[in-house]
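Novice: here are the coordinates; sequence isn't available:
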């Protein structure tokens, strides 16, 4: 009887739609591997937004080194910055 019920549930579309998924699938993680001996060759860029205005700035651009030093640089900017503005801030 157990085999019959298992086979029935596996073949029943209504049963499969209402079945609770207890093993959620997770995407694979791709680690950032060491590729360079120089700092800031592999970086992560992120924004901290919705901050109270201070000296005309309301956002912080963070640039983090992922290979050598794990250091971070925090650059004040405005939330309305575009890609050209980010490139200018990073280059300076």
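Specialist: Cool, the structure landed. This structure is a prediction, so every number in the text was calculated from the model and none was measured.

Novice: which secondary element of this protein has the worst mean pLDDT?
Specialist: helix 13-18 (a mean of 79; mean pLDDT, DSSP states H and E).

Novice: This structure: helices as residue ranges?
Specialist: Counting by DSSP state H, the chain has helices at residues 2-11, 13-18, 83-91.

Novice: And the longest one, what does it pack against?
Specialist: The helices and strands touching helix 2-11, judged by 3 or more Cβ pairs under 8 Å, 6 or more residues apart in numbering; DSSP states H and E, are helix 13-18. To be clear about C-beta, it is placed using only N, CA and C from the backbone, and glycine gets the same treatment.

Novice: Show me what counts as buried in the helix it packs on.
Specialist: The neighbour-count check on helix 13-18 (16 or more other Cβ atoms under 10 Å) flags nothing as buried.

Novice: residues near residue 61, how many?
Specialist: Applying other Cβ atoms under 10 Å, we find 19 residues neighbouring residue 61.

Novice: ok, the closest residue to it other than its chain neighbours - how many residues close by?
Specialist: Residue nearest to residue 61 in three dimensions, not counting chain neighbours: residue 75, with 4.4 Å by Cβ to Cβ, 6 or more residues apart in numbering. By other Cβ under 10 Å, 15 other residues sit near residue 75.
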